[in-house]
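Engineer: Curious how this folds, go ahead:
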Amino acid sequence: MTPHWATTLIGKPYVIGGEGPDKFDCWGLVRWCFINQFGIDMPRITIGGPTAADRAKAIREVEDASGWRPCADSRPGDRDILLMYGPSGRHVALALAVNGGVHVLHCIEEVGVTLTSFSEMWFLGFKDITIWRKA
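Structural biologist: Now for the predicted structure:
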C-alpha cells in the first residue's frame with residue numbers, strides 16, 4: 001500500500017505562525033495542505049488571539065474569503081475543516097480519508113504534526129467539534 005501524502009508531514013514541529021513546509025501552526029498546516037495538495041488558496045489568518053472576539057473575527061474571515069461554511073453533519077468527510085476546542089483552546093485541523101477511515105491531520109504544541117483517528121479526538125480532549133465544508 002502506498003503511504004498517504006499526509007504521513008510525510010508527521011513530526012514537523014509546531015511553531016506559532018508556521019506555514020510550512022518545515023514548521024506549522026494549526027491553521028498554517030491546514031492552509032498549506034489546501035494550497036499544496038489540493039490547489040485551493042485559503043486566506044492567511046491567525047486563528048488564535050487574545051479574545052473570543054478575535055477568534056470569531058478570524059473564523060468570519062475564512063467564511064467570507066473562502067466559501068467554507070459550518071455543516072450539521074456529525075462525521076467529517078475527506079478534506080473537511082474541523083474547528084474545535086482543545087486542551088490549549090481553539091484548534092483547527094483537516095479531516096482526511098486515510099486507510100478506509102477518517103483521520104485528523106493537525107499540529108499541536110509539544111507534538112507537532114500528527115495524524116489522529118477522528119474517533120480518538122474526543123478522548124484527547126478536543127470538544128465541540130464543528131465541521132466546515134466548502135459551500
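Engineer: centroid residue for this protein?
Structural biologist: A93 (1.5 Å; C-alpha atoms, centre = their mean).
Engineer: Spatially nearest residue to that one, not counting backbone neighbours?
Structural biologist: Distance criterion C-beta to C-beta, 6 or more residues apart in numbering; nearest residue to A93, sequence neighbours excluded, is H106 at 3.5 Å. Heads up, the C-betas are built off the backbone N, CA and C, glycines and all.
Engineer: OK, contacts around the residue nearest to the centre of the chain?
Structural biologist: When contacts are counted by C-beta atoms under 8 Å, 6 or more residues apart in numbering, A93 touches 26, 29-30, 81-82, 84, 104-106.
Engineer: any weak-confidence spans in this structure?
Structural biologist: Filtered on pLDDT under 70, the chain yields the residue ranges 1-3, 46-56, 58-60, 62-63, 65.
Engineer: which residues of it fall in helices?
Structural biologist: Secondary structure of the chain, counting by DSSP state H: helices at 26-38, 52-66.
Engineer: same for the shortest one, what does it pack against?
Structural biologist: Contact partners of helix 26-38 among helices and strands, from 3 or more C-beta pairs under 8 Å, 6 or more residues apart in numbering; DSSP states H and E: strand 89-98, strand 101-108.
Engineer: No further queries at this time; thank you.
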